[in-house]
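1. sequence below, structure please.
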Amino acid sequence: MNEMVKSASRAVTETAAAVVQTAVTAALAAELGPLAVPAGAAAGAVVKEVPLLGQLLADRRRSATDVVERAIAYAGCTPEEFVNVLAADPEHRYLLRRAIQAASDSVSEEKRRILAAALAAGAIATDDAVVDESVLVIDAVAQIESVHLRVLVLLATEPDDPAVSNYTNIRPWPWTPRQIYEAAAPLASVLPAILANLQALGIIDDFPSQRIDFQEGRLRLTGFGLLCLGYLQVLAGEPGDRFPVTA
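-> Numbering: from 1, shown residues only. Coordinates of the predicted model:
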């Protein structure tokens, strides 16, 4: 690669980065005010006085930038195209703001990747219902951590249960609390809080015991839980590969 080509590639990369940073700064400014804008004199003075504040703001910007960059890769478009689509109407602008707010407050790579997938799905959607769906997923994921995602994935599998083969029409199979505790033993001390949170968010609920010949209470993924799981499954592929939403 000659120097001219290298220079052109570098310019394209820098332009793309500038577009992403502008979008992130705008969204964070809506949430945090002047402190979110690195160039602001007042913000700079405060950050200089309190180094930890500068680190915290940098962490938030880094996480938010990561989500937007991943979302652009999933959507398979240029940064300019992606930002222009999100700027086109209030619903898409709100989607971007909610995604960046959630991303900026996340230290979990798994969460950021799910947020990116949901943002990409909503960004390239022409159906308002898909945009609303993406916002709901983002809002739910913002309230959980990696341990919740581990339990979500677990509940999409089948436990060691002799009844599974007798009810082929019931999938995913509902789990008893005992089965969950046995399968997620390292999380035993926090499982009650995890399950309560997932239930409060509508990701899991109680399975009607009368549908199977067992009296034990069981938990299952809801339709919304399966929707969230769908965004998790995007992670099985590379960005831009097998993305389940088309424009």
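2. what residue ranges in the protein score low on pLDDT?
-> 1-16, 26, 28-50, 209-215, 234-247 (pLDDT under 70).
3. contacting residues for the residue nearest to the spatial centre of it?
-> In the chain, the residue lying closest to the centroid (Cα atoms, centre = their mean) is residue 115, at 2.2 Å. Counting by Cβ atoms under 8 Å, 6 or more residues apart in numbering, residue 115 touches 67, 71, 99, 102-103, 106, 138, 141-142. The C-beta positions use only the backbone N, C-alpha and C, and glycine is treated the same way.
4. how about the strands of this protein, start to end?
-> Using DSSP state E, the strands of the chain run over residues 204-206, 219-221.
5. winner for burial among those strands?
-> strand 219-221 (a mean of 21; mean count of other Cβ atoms under 10 Å).
6. related to what we said a few turns ago, ok, the residue nearest to the centre of the chain to residue 130 distance?
-> From residue 115 over to residue 130 the distance is 16 Å, taken as Cβ to Cβ, to the nearest Å.
7. relative to residue 190, how far out is residue 118?
-> Distance from residue 118 to residue 190, by Cβ to Cβ: 25 Å.
8. surely residue 156 and residue 172 touch.
-> Yes. Assessed by Cβ atoms under 8 Å, residue 156 is found in contact with residue 172 at 5.2 Å.
9. which one's more surrounded, those two?
-> More neighbours surround residue 156 than the other of residue 156 and residue 172, with 17 against 14 (other Cβ atoms under 10 Å).
10. in contact with residue 82, which residues?
-> Residue 82 neighbours (Cβ under 8 Å, 6+ apart): 68, 71-72, 75, 123.
11. in TSV, list these along with neighbour count and distance to residue 221.
-> Below are the contacts of residue 82 laid out as TSV (neighbours: other Cβ atoms under 10 Å; distance: Cβ to Cβ, whole Å):
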residue	neighbour count	distance to residue 221
68	28	29
71	29	25
72	26	30
75	24	27
123	28	26
